[in-house]
Structures are given as C-alpha cells and as structure tokens.
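Participant: next input, structure requested:
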Amino acid sequence: MSMFKNLPDRKTYIFAHNTSSTMTRYRTIAIYIFHFCFVLFFLANNVFATKNNTLQDQVLPDSIASKLQATDNKALLLLQLLDTYKNKDSTIYHQINRALQLMEQDKGKLPLLMKAYYELGEEISASNWDAKALPYYKRALEIAQAIKDADYTKNSLFKITGLYLNTEDLTKVDSMMTYIDNIIDTTVVNNFLAEYFNYKAIISVNEGFENEAIDYYTKAGVIYRSLNNTEALASIYNNIGDLNINIGNYEEAIDYTQKSLEINKVAGSAESVITNYNNLGVIYKRLDSVEKAIGFYNKAIVEAEKLNNEFLLARGYLNIANLYQQTGNFTTAMTYFNKSEALCEKNNIAIGIFMNKLNKSRLLMDFGNIDEAEKLLKQAQQLAEDMKLLSFMSEILLLSSEIYSKKGNFEAALRDYKQYVSIRDSIKSDEVKVKLLALYAKYEKEETLRKISDLQKSIKINEAQERVKLLVFISVILLLISVTGFLISKRREAAYKNKIAEEENDKLRLNMELKDKELMHYAMSSAKNNELINTIKKGFRTVMPKISETDQQKLNALIRDLSQNKITDSHEEMEARFSIVHDSFHKKLLEISADLSPSELRMCSYLRLNLSTKDISNLTNRSSSTVDNARSSIRKKLGLSKDENLTAFLIQL
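Facilitator: Okay, the predicted model is just below:
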C-alpha cells in the first residue's frame, strides 16, 4: 500500500479537481469507458466458451446420439464404444458415461441399463482396471435391487466382493459377505453357491484359518464337480494343495495338486499346468526329494518357454536356482539366478529383482564372496524399503548381521541382529494381533447373526402367538361343541364296550365252566375205570388159589400191568387236560408255598375240580385215609385255618 500513498484517489481525480480542463476530464472518462468495455468483452468471451464447453460435455457426437435414438440395444452400442475405451481413449470414456446418463433418463429401460452397467463392469474388469469397474458394478447392483432382479443382484454382489478381495479391503468384504449370507440359498446347488464358498475360503485364508478355508474350498469343489465345471474345479484343487503346503500336510498337497494338474492338462490350460509343476516342485523340495523337485521345476520352465511367458519363466528360474542353492551347487544356482533377474529387469518385475538379489547375496556369502554379497544385499535392502516389504526386512537384517560377523565388524553385526529380532518379534506380534482381531470380528459377526436370528425367531413367535389368540375364541367354541359331541359319543361307546365286555366275560365264564365240567367228567370216568380195575383185581385174587402156579404167575403179571397203566395213563392225561384249562394254577400255588410236592400239586388239581375223597382215592390208587392226610398236609403248607375250606380256597385261585 505504501507504493501508492502519493497518488490521489480515483474519485478525487475525476470529480474533485474542478481546476482541470474540460478536455482533460472528457479524455479521462473516455479511457475508463474503454477499459470497462474491454473487461466486458473478455468476460463475455469466457462465459461463451465455458457454455460451449459445457454443451460439448453434455452432448454426444451426432453419430453416437443418433445410434442411441435408433436402437433399443444401447448396451451393445456401449460395448462397441468400449473397444476403443480399452485402448485408454479418455474421450470415448466420457462419451460412454454421457450415453449412460441419457439412458438413465429413460426409466422404462432399467433392465437394459442394468445390463449395460454390468457388462461395462465386466469389460473394464477384464482389462485389469478393477478400480474403474467398481462403480459400474455398484450401479448395476442398485438397479437390480430396485427392479428386484435376483440373478443380477447376486452377480453384482459377487463381482463387487471379488474386487474388494483383490484390493484386500477386508472390512468392505466382510460387509458384502454379510449381505450375501442373507440372500444365498445353501440348498440350491449352483455356481453362485460354489462362488460363495470360494469367497468364504479366501476370507478364511486372509484371517489365518487354513483348515476352515480347506473346508470351504472342499464344499466349492463338490459343487463344481457336480456342475462339471472342470476349470473352476482345477483351481479349487490347486488352492487346497497350496493350503496343505502351508500347514505341512504334504501328502494331501501332492494329491490335490496332481488332481489339478490332470484336469489342466486335459483342458490345455498351459499357465495353470506351469503353476501345478512349480507347486509340486515346492512340495518335493520341502520333502528333501531334490531329484523330483528339479524334475517338476524343469517341466515348468519348458512349458513357460513354449508359451514365451517371461514372467512364469523368471519364476521357474528363481525356483530352481533356490533348489540348487540348497544343494550347494553354486555355479548352477548363480546361472539360474542371473537368468531370472535378467527377465525381471526386462519386464520391470520389481519383486522378482529383489528376490534374486537377496538370494544371490546369500549364495555369495555362503561361498565366501563377502564384499559382493554385501553390495547385492544393500541393493536388495533399498528395493525392500521402496516396496515397503517389512516381512523381508527381518531376513535382510539377519543376512547383514552374518555378513558383518564374517567381516569381523561385530558391533555392526550385533546392531543388525538386534534390529532383526525386534522386527521379527514385531511381525509375530502383529500376526497374533491380526489373528486375534479376526477371531474377535468372527465372534462379533456370529454373535450379531445369532442375535438377529433370535430376534427373527422372537418376531415369528409373537406373530404366531397373535394368530393363536385370534383363533382361540373360535377354537373354544368349536371345542365346546366337539367336547359335547365327544362325551355323548364316548358314553355310547363305553356302554357298548361294557356290553361287549360282559358278553365276552359271560362267554369266557361259560367256556370255563364247560371245560371244568369236561375235566370233572373225565376225572369221574377215570375214577370209575380205576374202581372197575380194582374190582377185577379183587376177582383175580379170589380165583388165584384155585389155579396152577404157572397161571398164577401170568395172572399176577396181568394185575401189575393193569395197576401201572391205570395210574400212569390217568395221571398224565389228567395233568395235560388240567394244564390247558388252568395254566397258571400250579404257579399261583407255588407262589403261596414253594414246599408243595408234585403229588400235592396233583392233589390240589383234583380238589380244584371239587372231586370227593373217594374219587380222588380211585384216581390216585390211594386209600381214603391217605387222601385225607394229604389234604391236611396241603392245608398246613398253604397256611389255612381249620375254619377255611380247602376246596373253596383252591377254586378261588
């Protein structure tokens, strides 16, 4: 401001100096008018240019606009435009977005617009521009949800989740998977479900849960196999093999990697075959099977040379160089390291350059070339710092410590070793923290899902209760009517059953009485037969003195046979018939008194039939007094008093 302190104010200059001439005043006014007009012209020109540019941004070239108006398949036109866009022509990129804006105005074509966004996402993603593909998939998802298109909703969700997995944005991945968890149908076997399990496996790997990841991969593999999706199945087998390598389960790793290799060979997937060969080489290297490992590494190199794929070739050279280094073959190892590093430098593969320099440094140190080893290690260290490879910094510091120790610089060796220990412990601590956080997050997610599930169950229960309350009144009325009818029906049914039961009981009683009468009849018949036999025996004994001795012997034998057959036949037949009619009679008696003998049990049977002492005497071929004595013994064993009737007691059993 001090530069202009001696200049008069403009207003003062124009209006306050009354002593100035009229000409000077007019000239000054003219100059200001000129300046004002110039400023107006400049502003107008800029406004026009800005407006023109804005119109250019909003209006498509005539050829594209006319095509959009003329065709319903706007998605196809956009994909045609994308052919140029994939060549990174930013003009076409803006034209595509303006075409999409025009399509957005036509709400009747939302399904077509959804397809356009999704297919654009596919094309851009195929060009490895994941970040630019994401907005297209998101917009496709929004439209799919708005028009309730289940397939495009799931497709878009899976694509977005896959892009987040590629960028290792696990927070967003977890959020997307929670959404997918709610819409995925685990009972329908299709590619969606397989991809769902595949994503679950990748998340488990990132969280450090290898066994859980193997389970998810296995589920995905079962589905891919049922769908005959061999390409996806080969990838799943290879992933399971990788995880088994990490956890040291080498037999399983070989099995799954071989399965993947067989599928890839049939399918002609050359790059996947190379990956399988390299993995098999790694497995056999860890199993100290050097010849097999070299064989598979060489197969990988041969296949990579056929494809002229320098990235895979560099990887193959590095793998086999590490193996030769392990076996102490310095010259061959260095040759392959140099080949790998040359290809990495040619193709600007930074991580490959770093790995080769680090391994060559170790190789040179092992063979005594300490200065050259130190030089390469410093180059590797610089690359690791540039790429922020913290996990490799610990290995670099350990190797540096060994180099300084060999050079006799123990102070520097100790310093680097301490740094190595610090970084190593820090990495382990971080890994533990990550695993703990993953476990906690997993627990929180499961707990949240459990609470949501409980809440949903509670809501369903409440709704069910309300429905029950609504139906209670009608149910009570119907129940009263039903109960009344039921009681009447039951009474009638009970009366009918009682009548049937009485009739059945009467039949049983009559049947029992009939059988008892049959038994008594048989017993009486047997008694009379025995009485007749006894009469015959007496008659024989009367004539016995009057006949010869030989005839007497014959007559005695006949009497014995009559006596024996009478007793045995009548007893056995009687017992058989009695057991059929009264099968539990003897059991009940023995429960009262286990001391009853078989003959006493038989006596009880006769008494149960209400036979007289005489009849029993004839049946058993015993005297009446013997029968009476047996009755007394039975009464005593059964614990009956003198006033109790033995026959009545036995009939009641």
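
Participant: does the residue nearest to I370 when sequence neighbours are not counted count as helix, strand or coil?
Facilitator: The shortest distance from I370 to any residue that is not its chain neighbour, by Cβ to Cβ, 6 or more residues apart in numbering, is 5.4 Å, and that residue is K406. All C-beta atoms are positioned from the backbone trio N, CA, C, and that covers glycine. Reducing the assignment to helix, strand or coil with DSSP: H, G, I helix; E, B strand; the rest coil, the entry for K406 is helix.

Participant: count the residues that sit near K406.
Facilitator: Burial of K406 is recorded as 14 neighbouring residues (other Cβ atoms under 10 Å).

Participant: roughly how far apart are it and Y118?
Facilitator: When distance is defined by Cβ to Cβ, to the nearest Å, K406 is 61 Å away from Y118.

Participant: my guess is the residue nearest to I370 meets M365, correct?
Facilitator: Yes - the criterion here is Cβ atoms under 8 Å, and K406 meets it with M365 at 7.0 Å.

Participant: can you list the domain ranges for the chain.
Facilitator: As assigned by automatic domain parsing, the chain contains the domains 1-51, 59-183, 582-653.

Participant: could you name the residue of the protein that is farthest from its center?
Facilitator: Centroid-distance maximum for the chain: K546 at 109.6 Å, with Cα atoms, centre = their mean.

Participant: ok now the helix or strand G352 falls within, how far from the chain's centre?
Facilitator: Taking DSSP states H and E as the definition, one finds G352 inside helix 350-366. Here helix 350-366 is found 44 Å from its chain centre; the criterion is Cα atoms, centre = their mean, to the nearest Å.

Participant: which residues does stretch 157-167 contact?
Facilitator: Surrounding stretch 157-167, the residues in contact under the criterion Cβ atoms under 8 Å, 6 or more residues apart in numbering are 118, 121-122, 125, 130-131, 133-134, 137-138, 141, 170, 172-173, 176-177, 179-180, 183, 192, 195-196, 199, 202-203.

Participant: sorry, that was for stretch 415-424
Facilitator: 390, 393-394, 397-398, 400-401, 404.

Participant: please check those and keep the buried ones.
Facilitator: Those of those that meet the buried threshold are 393-394, 397-398, 400-401, 404, by 16 or more other Cβ atoms under 10 Å.

Participant: in helices, which of the residues you listed fall?
Facilitator: The members of the buried ones among the contacts of stretch 415-424 that map onto helices under DSSP state H are 393-394, 397-398, 400-401, 404.

Participant: got the buried ones among the contacts of stretch 415-424 as a markdown table, with distance to A333 and pLDDT columns?
Facilitator: As requested, the buried ones among the contacts of stretch 415-424 are exported to a markdown table (distance: Cβ to Cβ, whole Å; pLDDT from 0 to 100):
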| residue | distance to A333 | pLDDT |
| --- | --- | --- |
| M393 | 24 | 84 |
| S394 | 23 | 82 |
| L397 | 23 | 87 |
| L398 | 20 | 87 |
| S400 | 21 | 89 |
| S401 | 22 | 87 |
| Y404 | 23 | 86 |
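
Participant: just the closest of those to D386, please.
Facilitator: M393 (11.9 Å; Cβ to Cβ).

Participant: just for the stretch 51-200 of the chain, where's the confidence low?
Facilitator: Counting by pLDDT under 70, the stretch 51-200 of the chain contains low-confidence ranges at 51-96, 98-99, 102-103, 105-108, 127-130.

Participant: now with 90?
Facilitator: Under the criterion of pLDDT under 90, the regions of the stretch 51-200 of the chain flagged as low confidence span 51-136, 139, 147, 150-151, 154-155, 157-158, 161-193, 195-196, 199-200.

Participant: what about the helices in it?
Facilitator: Counting by DSSP state H, counting those that start in this stretch, the segments of the stretch 51-200 of the chain that form helices are 62-70, 74-85, 90-104, 110-126, 130-146, 150-166, 170-183, 191-206.

Participant: could I get those helices as CSV with mean neighbour count and distance to N369?
Facilitator: Formatted as CSV, the entries for the helices of the stretch 51-200 of the chain read as follows, by neighbours: other Cβ atoms under 10 Å; distance: least, Cβ to Cβ, whole Å:
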stretch, mean neighbour count, distance to N369
helix 62-70, 13, 65
helix 74-85, 18, 52
helix 90-104, 16, 51
helix 110-126, 20, 47
helix 130-146, 19, 44
helix 150-166, 20, 41
helix 170-183, 15, 44
helix 191-206, 21, 39
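
Participant: in TSV, list these along with distance to K642.
Facilitator: Putting the helices of the stretch 51-200 of the chain into TSV (distance: least, Cβ to Cβ, whole Å) gives the following:
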stretch	distance to K642
helix 62-70	126
helix 74-85	117
helix 90-104	118
helix 110-126	109
helix 130-146	102
helix 150-166	97
helix 170-183	91
helix 191-206	92
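
Participant: of all those helices, which lies closest to L478?
Facilitator: Nearest to L478, of all those, is helix 170-183, at 40.2 Å by Cβ to Cβ.

Participant: contact partners of the closest one?
Facilitator: Under the criterion Cβ under 8 Å, 6+ apart, external residues in contact with helix 170-183 comprise 150, 153-154, 157-158, 160-161, 164-165, 196, 199-200, 203, 206-207, 441, 445, 449.

Participant: the helix or strand where Q379 lies vs helix 350-366, what angle?
Facilitator: Applying DSSP H and E as the criterion places Q379 in helix 370-387. Interaxial angle of helix 370-387 relative to helix 350-366 (axes from the mean of the first three to the mean of the last three Cα atoms, to 10 degrees): 160 degrees.

Participant: so which bits of helix 370-387 are buried?
Facilitator: The neighbour-count criterion (16+ other Cβ under 10 Å) identifies 373-374, 376-377, 379-381, 383-384 as the buried residues of helix 370-387.

Participant: pull the residues that contact it.
Facilitator: With Cβ under 8 Å, 6+ apart as the contact definition, helix 370-387 has outside contacts at 350-351, 353-354, 357-358, 360-365, 389, 392-393, 396, 399-400, 403, 406-407.

Participant: what is the mean pLDDT for that helix?
Facilitator: Summarised as a single mean, pLDDT over helix 370-387 is 90.

Participant: where in the stretch 201-350 of the chain is pLDDT low?
Facilitator: Applying pLDDT under 90 to the stretch 201-350 of the chain picks out residues 202-210, 246, 288, 307, 309, 325-328, 349-350.

Participant: now the strands for it?
Facilitator: Counting by DSSP state E, counting those that start in this stretch, the stretch 201-350 of the chain yields no residue ranges for strands.

Participant: helices of that one, start to end?
Facilitator: Going by DSSP H, counting those that start in this stretch, the stretch 201-350 of the chain shows helices at 210-226, 230-246, 250-267, 270-286, 290-307, 310-326, 330-346, 350-366.

Participant: quick check: which of those helices is nearest to R492?
Facilitator: Of all the helices of the stretch 201-350 of the chain, it is helix 210-226 that lies closest to R492, at 60.7 Å by Cβ to Cβ.

Participant: give the buried residues for the closest one.
Facilitator: Residues of helix 210-226 classed as buried: 210, 212-217, 219-221, 223-224 (neighbour count, 16+ other Cβ under 10 Å).
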